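Trainee: Everything below, folded, please.
(chains A and B)
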Amino acid sequence: MTVDGTAAAAEVELLRRLRAFEGRPAAIAGRAKDPVNEPMIRHWCEAMGDTNPAYTGPEAIAPPTMLQAWTMGGLSGHTGRSTAYDELLALLDGAGCTSVVATDCEQEYLRPLRPGDTVTFDAVIESVSPRKTTKLGTGHFVTTRMDVHAGGELAGTHRFRILKYAPAARRPPSQPESAVKPQRPRPVINRDTQGFWDGIREHKLLIQRCTACATLRFPWLPGCNACSSPDWDTVEASGAGTVFSYVVMHHPPFPAFDPPYAVALVELAEGVRMISNIAGVPYDKVRIGLPVRLEFLRVDDTLELPVFRAEAG
Amino acid sequence: MNVGDALPPLEIPVTRTLIVAGAIASRDYQDVHHDAELAREKGSPDIFMNILTTNGLVGRYITDHLGPHAVLRKVAIRLGAPNYPGDTMTLTGTVTALDGDTAEIQVTGANRLGHHVTGTVTVTLGAGA
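Mentor: Reported below is the predicted structural model:
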């Protein structure tokens, strides 16, 4: 089995184990650490800047959006949390999804909470998503649904979704960025350009020629721009050319390239033009009309590119 | 109130104090809501507002506008771009449905990164609204 295949099988197995938690309890007979009380309501309202008079005075109710706050474990930990939920989080931690962020909260308020109410709650693991890639990283969404009771009555429901994820874009400390030189981009090779890259492998720069009207064309295209014929053969470039135009890249720096460098439009002796790099002269010595000659640059194990070297003299 | 009515926007300066006070008032001691250093270790550029605070602010936005007799029935929110210190979140709302004295209001909280929160609030309008 390939490395990719092994990883895919592991992912399927992880998802099977994650899905097994669906329907299992997340919290059983949880009990709020404090009864609904005026100080916590006041602290909440101060933080939110909420001056609604409904939340103060002898007839005060708690802000309905505080629903979840009453059920929070705080620094001393959760009460009533099920072993299933802890196991689910541990399984995700083990899969590298060590970070957590809340993404959705859906609450329904059936009766107001008032100071003195004792809050209890039960929750179920509703669903665990397949692996998702987000801006933050790759992970799984876990959705729970909680029923919140006060004085024996259902006071509200609370559906909550978190993303347990492996943070993206963090380099292992043993591999600083500078140690691994990014690869140059790979060419896109398809049925329209295959012949060109086959030629490069044999150190031939091939130009397409329309067999109907003999017009040369470059870069490679499926049909002739002059007569629309789809039929073609190739001619091998002699390798001689001149710089038709150029730019010097300073910014932005792309990975795998070290600016400043010259990007030239080279006119081949056959008349077509191609974009390439100029070797053998500093970037600031490239000039329009500079005579150049084709050579092949071995970039790495799997990539060889046609470039042009300034002709001496 | 009519379907299509827009609520006046509410600007919330996202201060470090608001983020920390909201997290503590909601008993959420996750370090990413109060400890910038640990937040950065987890790949976040700074601390960010917790969902309970966002939920509270969305509720406040509706009742600020509709008054103390309005009763929140449902608040359903989804978070997008985080609320980091120094940003401003502008809450806007549009009435999307009206059934007797119950209104459904679509709420968006936008910061300079995009939509921090989108959601729907169902509210019963009290006397005088």
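
Trainee: Could you use CA atoms for every contact and neighbour count after this?
Mentor: OK.

Trainee: outside of the longest helix along chain A, which residues touch it?
Mentor: Using DSSP state H, we find that the single longest helix of chain A is helix A:3-19. Outside helix A:3-19, the residues that touch it by CA atoms under 8 Å, 6 or more residues apart in numbering or on different chains are A:88, A:91, A:127-128, A:130-131.

Trainee: buried subset of these?
Mentor: Neighbour-count burial within the contacts of helix A:3-19 applies to A:88, A:91, A:127-128, A:130-131; the criterion is 16 or more other CA atoms under 10 Å in any protein chain shown.

Trainee: a markdown table for these, including pLDDT, distance to chain B and secondary structure?
Mentor: Converted to a markdown table, those look like this (pLDDT from 0 to 100; distance: CA to the nearest CA, whole Å; DSSP: H, G, I helix; E, B strand; the rest coil):
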| residue | pLDDT | distance to chain B | secondary structure |
| --- | --- | --- | --- |
| A:88 | 96 | 19 | helix |
| A:91 | 96 | 19 | helix |
| A:127 | 97 | 17 | strand |
| A:128 | 97 | 17 | strand |
| A:130 | 94 | 19 | coil |
| A:131 | 93 | 18 | coil |
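
Trainee: For residue B:23, state which of those residues is nearest.
Mentor: Nearest to residue B:23 among those: residue A:88, at 24.7 Å, using CA to CA.

Trainee: hang on, the earlier thing: what element comes up after the longest helix of chain A heading to the C-terminus?
Mentor: strand A:25-31 (DSSP states H and E).

Trainee: can I have that following strand written out in CSV, keeping just the CAs?
Mentor: Extracted in CSV, the C-alpha atoms of strand A:25-31 (Å, rounded to 0.1, in the frame of the first residue of the first chain):
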residue,chain,number,x,y,z
PRO,A,25,-24.0,11.6,26.2
ALA,A,26,-21.6,14.6,26.5
ALA,A,27,-22.9,15.5,30.0
ILE,A,28,-25.1,13.6,32.4
ALA,A,29,-27.0,15.4,35.2
GLY,A,30,-24.6,18.3,35.2
ARG,A,31,-25.2,20.8,37.9
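
Trainee: just the contacts of helix A:3-19 now: which is nearest residue A:201?
Mentor: Relative to residue A:201, and with distances defined as CA to CA, the nearest of those is residue A:131, at 40.0 Å.

Trainee: from the contacts of helix A:3-19, which is closest to residue B:122?
Mentor: residue A:127 (24.9 Å).

Trainee: so what's the closest one up against?
Mentor: Residue A:127 neighbours (CA under 8 Å, 6+ apart): A:19, A:21-23, A:141-144.

Trainee: what pairs with it across the strands?
Mentor: residue A:143 (DSSP bridges).

Trainee: I'd like the contacts of residue A:127 as JSON lines, with neighbour count appended.
Mentor: Formatted as JSON lines, these follow (neighbours: other CA atoms under 10 Å in any protein chain shown):
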{"residue": "A:19", "neighbour count": "17"}
{"residue": "A:21", "neighbour count": "19"}
{"residue": "A:22", "neighbour count": "19"}
{"residue": "A:23", "neighbour count": "13"}
{"residue": "A:141", "neighbour count": "21"}
{"residue": "A:142", "neighbour count": "22"}
{"residue": "A:143", "neighbour count": "21"}
{"residue": "A:144", "neighbour count": "24"}
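
Trainee: Tell me which two of those residues sit farthest apart.
Mentor: A:23 and A:141 (14.9 Å).

Trainee: remind me which residues of the chain are low pLDDT?
Mentor: I'll assume chain A. Low-confidence segments of chain A, defined by pLDDT under 70: A:1-4, A:169-181, A:313.

Trainee: Let me rephrase: I mean chain B.
Mentor: Using pLDDT under 70, chain B drops low at B:127-129.

Trainee: for it, which strand is longest?
Mentor: strand B:87-99 (DSSP state E).

Trainee: Pull up the pairing partners for it, direction included.
Mentor: strand B:6-14 (antiparallel), strand B:102-111 (antiparallel).

Trainee: Quick check: most distant residue from the centroid of chain B.
Mentor: Residue farthest from the centre of chain B, counting by CA atoms, centre = their mean, is residue B:41 at 26.5 Å.

Trainee: and residue A:104, backbone torsions?
Mentor: phi -140, psi 150 (degrees, to the nearest 10).

Trainee: What are the boundaries of the helices in chain B?
Mentor: Going by DSSP H, chain B shows helices at B:16-25, B:36-41, B:51-66.

Trainee: Let me fix that, I meant to ask about the stretch 51-200 of chain A.
Mentor: Under the criterion DSSP state H, counting those that start in this stretch, the stretch 51-200 of chain A carries helices at the ranges A:83-94, A:194-201.

Trainee: For these, could you give me CSV that also reports distance to residue B:84?
Mentor: Converted to CSV, the helices of the stretch 51-200 of chain A look like this (distance: least, CA to CA, whole Å):
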stretch, distance to residue B:84
helix A:83-94, 26
helix A:194-201, 49
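
Trainee: and the gap between the residue positioned nearest the centre of chain B and residue A:271?
Mentor: Closest to where the C-alpha atoms of chain B average out (CA atoms, centre = their mean) is residue B:58, at 3.2 Å. From residue B:58 over to residue A:271 the distance is 66 Å, taken as CA to CA, to the nearest Å.

Trainee: beta partners for residue A:243?
Mentor: residue A:266.

Trainee: State the distance from it to residue A:258.
Mentor: Taken as CA to CA, the span from residue A:243 to residue A:258 is 21 Å.

Trainee: And those two? Which one has more around it.
Mentor: residue A:243 (25 against 10; other CA atoms under 10 Å in any protein chain shown).

Trainee: so the more buried one makes contact with residue A:285?
Mentor: No - if you go by CA atoms under 8 Å, residue A:243 and residue A:285 don't touch, sitting 11.7 Å apart.

Trainee: Please name the nearest non-neighbouring residue to residue A:78.
Mentor: Of all residues not flanking residue A:78 in the chain, residue A:72 sits nearest, at 6.7 Å (CA to CA, 6 or more residues apart in numbering or on different chains).

Trainee: Let me know whether the one you found touches residue A:80 as I believe.
Mentor: No - if you go by CA under 8 Å, residue A:72 and residue A:80 don't touch, sitting 10.8 Å apart.

Trainee: Overlap of the contact sets of the two?
Mentor: Common neighbours of residue A:72 and residue A:80 (CA under 8 Å, 6+ apart) do not exist.

Trainee: Can you tell me the element residue A:222 falls in?
Mentor: Judged by DSSP H and E, residue A:222 forms part of no helix or strand.

Trainee: burial measure for it, as a count.
Mentor: 14.

Trainee: so how far is chain B from it?
Mentor: Going from residue A:222 to chain B by CA to the nearest CA, to the nearest Å gives 43 Å.

Trainee: For that residue, give me phi and psi.
Mentor: Per degrees, to the nearest 10, the backbone of residue A:222 is at phi -70, psi -20.
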